[in-house]
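Q: next input, structure requested:
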Amino acid sequence: MAATLLPGSLGHAGQPCTLGVLGGGQLGRMFVQAAQKLGYACAVLEPEDHSPAAQACPQHIQTDYADPLGLEQLAQRCDAITTEFENVPAEALRWLAQRRLVAPSAAAVALAQDRIAEKAHFSACAQQAGVGPAPYAVIETEAQLQATPTALLPGILKTARLGYDGKGQQRVHTGAELRAAWQRLGGVPCVLERLLPLKAELSVLVARGRDGQVVHYPPQRNLHRNGILALTEACPGNLPTALAARAVSASALIAAQLGYVGVLCVEFFVIDDGSAEGALVLNEMAPRPHNSGHYTLDACDVSQFELQVRTLAGLPLVAPRQHSPALMLNLLGELWFDAQGQARSPDWAAVLALPGAHLHLYGKLEARPGRKMGHLTLTGSSAQQVRATALAAAAILGLAPWP
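A: Next up, the predicted model:
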């Protein structure tokens, strides 16, 4: 087992122990901030200038994720390396892993990059986990398209690779619509999932160490709009106890079967099967901290980003404690424009006057519709108080209310 990288220690080059991250987005920014809080130096490899993570980190290697010279620089500077999103080239992680400690592994990231492989892993875990994916079919060829069972319609056609935040997905109701959708998506490998009666959406964040120890947060309830997370509700009692326990157990099993090291988010659908609780269905996983876990920065004693640092460095994992009910609102780029499309600044003064409001802006220079510009977490003494404050914040910002 690799040596523990203690805070304040010297790294392999006789310099302060340095943790590297591939990717310069907001998740990288919050990882860097968590690492710096513990006393680590950091380095970011990211092609874009002025990225959120690069703004927080003096060591910015500005190059493509697959650039050999850039990867060599990252390996020379760092003692351990992680990634902030799953679409970095898995081959880059494999190359780095031959030189430095890397977590999560290239194999785990590659699995999450390919819905076909991901579904196969979920199906393999289903018998032991008691939870599996929605009925699905793989469509990579014309023959597979023609052989698609009609029982999977209506369904959602999803590209096997590079789909996120609702991109690369189309709803289809008939065989003709399926064919047309597959052609619009370029005839690339896809997965067709049967549409199921959705009751709720939830996610589970687990952290697994090198020694196999697993800790987790309570499952959080999520609401998506246009394929993008709109809000996360993390309040005790917001999900049935047995359902939440099954989701945690399945998530830990998925991580264990991968030999996973790092923070992993597993997303579930709760399907209306006629029972009071509903039935769990596996949706997808993210081999990194997740948008739905941002509330942990303000509502828990250990955030998901600190757990990412701990798993990477081999530090002890402690079960995180949520000290406050919380509700998180995603802040997308459209908030920076009025109804006529004119640029504006959201009324942050009014938002920050609300009790328990925690504003996180990511430092992105250009607001665009659908772009994640920040998030707002509301904490309070009760779920009712948090919900009321969050609705007040939504009204100030012009966000639609929720059930």
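Q: measure stretch 136-156 end to end?
A: Using C-alpha to C-alpha, to the nearest Å, the end-to-end distance of stretch 136-156 comes out at 9 Å.
Q: what does it rub up against?
A: For stretch 136-156, contacts defined as C-beta atoms under 8 Å, 6 or more residues apart in numbering pick out 116, 119, 135, 157, 160, 169-175, 178-179, 182, 189-195. Quick note: C-beta positions are derived from backbone N, CA and C, even for glycine.
Q: quick one: contacts for residue 343?
A: If you count contacts by C-beta under 8 Å, 6+ apart, residue 343 has them with 336-337, 367.
Q: quick revisit: list only buried entries from the contacts of stretch 136-156.
A: Among the contacts of stretch 136-156, those classed as buried by 16 or more other C-beta atoms under 10 Å are 116, 119, 157, 160, 169-170, 172, 178-179, 182, 189-193.
Q: now, which of the contacts of stretch 136-156 lie within strands?
A: 157, 169-172, 190-194 (DSSP state E).
Q: shouldn't residue 287 be in contact with residue 108?
A: Yes: proximity of residue 287 to residue 108 meets the contact threshold set by C-beta atoms under 8 Å, at 5.1 Å.
Q: neighbour-wise, which of these two wins?
A: Set residue 287 next to residue 108 and count neighbours by other C-beta atoms under 10 Å: residue 287 wins out with 26 against 23.
Q: tell me the contacts of the more buried one?
A: Taking C-beta under 8 Å, 6+ apart, we find residue 287 in contact with 83, 86, 104, 108-109, 111-112, 260, 262, 264.
Q: where does pLDDT dip in the protein?
A: By pLDDT under 70, the weakly predicted segments of the chain are 1, 163-166.
Q: at 50 instead, please
A: Nowhere does the chain drop to pLDDT under 50.
Q: next, count neighbours for the residue lying closest to residue 4 once chain neighbours are set aside.
A: Spatially, and ignoring its direct neighbours in sequence, residue 4 is nearest to residue 314 (4.1 Å; C-beta to C-beta, 6 or more residues apart in numbering). By other C-beta under 10 Å, 20 other residues sit near residue 314.
Q: I'd like the distance between residue 314 and residue 217.
A: For residue 314, the distance to residue 217 equals 21 Å [C-beta to C-beta, to the nearest Å].
Q: run a quick neighbour tally on residue 147.
A: Other residues near residue 147 come to 10 when the count uses other C-beta under 10 Å.
Q: what lies in contact with whichever helix or strand residue 285 is part of?
A: Here residue 285, judged by DSSP states H and E, is contained in strand 279-286. The contact list for strand 279-286 (C-beta under 8 Å, 6+ apart) reads 86, 112, 115, 118, 122, 126, 131-134, 196, 201, 243, 246-247, 250, 254, 264-271, 273.
Q: name the residues of the top helix by length along the chain that are buried.
A: Counting by DSSP state H, the longest helix found in the chain is helix 241-258. Within helix 241-258, the residues that count as buried by 16+ other C-beta under 10 Å are 243-244, 246-255, 258.
Q: which of those lies closest to residue 65?
A: Nearest to residue 65 among the buried residues of helix 241-258 is residue 258, at 21.8 Å by C-beta to C-beta.
Q: contact partners for the closest one?
A: Taking C-beta under 8 Å, 6+ apart as the test, what residue 258 contacts is 105, 107-108, 111, 121.
Q: next: residue 389.
A: So residue 389 contacts 327, 354-357, 378, 380 (C-beta under 8 Å, 6+ apart).
Q: mind giving me the ChimeraX select for those, buried ones only?
A: Buried members of the contacts of residue 389, defined by 16+ other C-beta under 10 Å, are picked up in ChimeraX with:
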select :327,354,356,357,378,380
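Q: make TSV from the contacts of residue 389 and add distance to residue 292 and secondary structure to it.
A: Putting the contacts of residue 389 into TSV (distance: C-beta to C-beta, whole Å; DSSP: H, G, I helix; E, B strand; the rest coil) gives the following:
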residue	distance to residue 292	secondary structure
327	11	strand
354	22	coil
355	23	coil
356	19	coil
357	19	strand
378	15	strand
380	19	coil
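Q: could you break this protein into its assigned domains?
A: 18-102, 135-194, 198-397 (automatic domain parsing).
Q: and the end-to-end length of the last one?
A: Put plainly, it is domain 198-397. End-to-end distance of domain 198-397: 28 Å, with C-alpha to C-alpha as the criterion.
Q: quick one, strands of the stretch 201-350 of the chain?
A: Assigned by DSSP state E, counting those that start in this stretch, the stretch 201-350 of the chain shows strands spanning 214-216, 220-225, 228-234, 262-271, 279-286, 326-332.
Q: nearest to residue 301, out of these?
A: strand 214-216 (12.0 Å).
Q: gap between the closest one and the chain center?
A: In terms of C-alpha atoms, centre = their mean, to the nearest Å, the centre of strand 214-216 is set 16 Å apart from its chain centre.
Q: over to stretch 41-59?
A: Counting by C-alpha atoms, centre = their mean, stretch 41-59 comes out at 20 Å from the chain centroid.
Q: could you give me the buried positions within that stretch?
A: Residues of stretch 41-59 classed as buried under the neighbour-count rule (16+ other C-beta under 10 Å) are 41-46, 51-57, 59.
Q: one step back: distance to residue 21 added to the contacts of residue 389, as JSON lines?
A: Formatted as JSON lines, the contacts of residue 389 follow (distance: C-beta to C-beta, whole Å):
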{"residue": "327", "distance to residue 21": "28"}
{"residue": "354", "distance to residue 21": "32"}
{"residue": "355", "distance to residue 21": "34"}
{"residue": "356", "distance to residue 21": "30"}
{"residue": "357", "distance to residue 21": "28"}
{"residue": "378", "distance to residue 21": "28"}
{"residue": "380", "distance to residue 21": "33"}
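Q: need the max-distance pair from the contacts of residue 389.
A: 327 and 355 (13.1 Å).
Q: before we move on, back to that, which two in the contacts of residue 258 are spaced the farthest apart?
A: The distance between the two most remote of these (C-beta to C-beta) is 13.6 Å, for 105 and 121.
Q: next up, the contacts around residue 230.
A: Contacts for residue 230 (C-beta under 8 Å, 6+ apart) come out as 223-224, 329-330, 399, 402.
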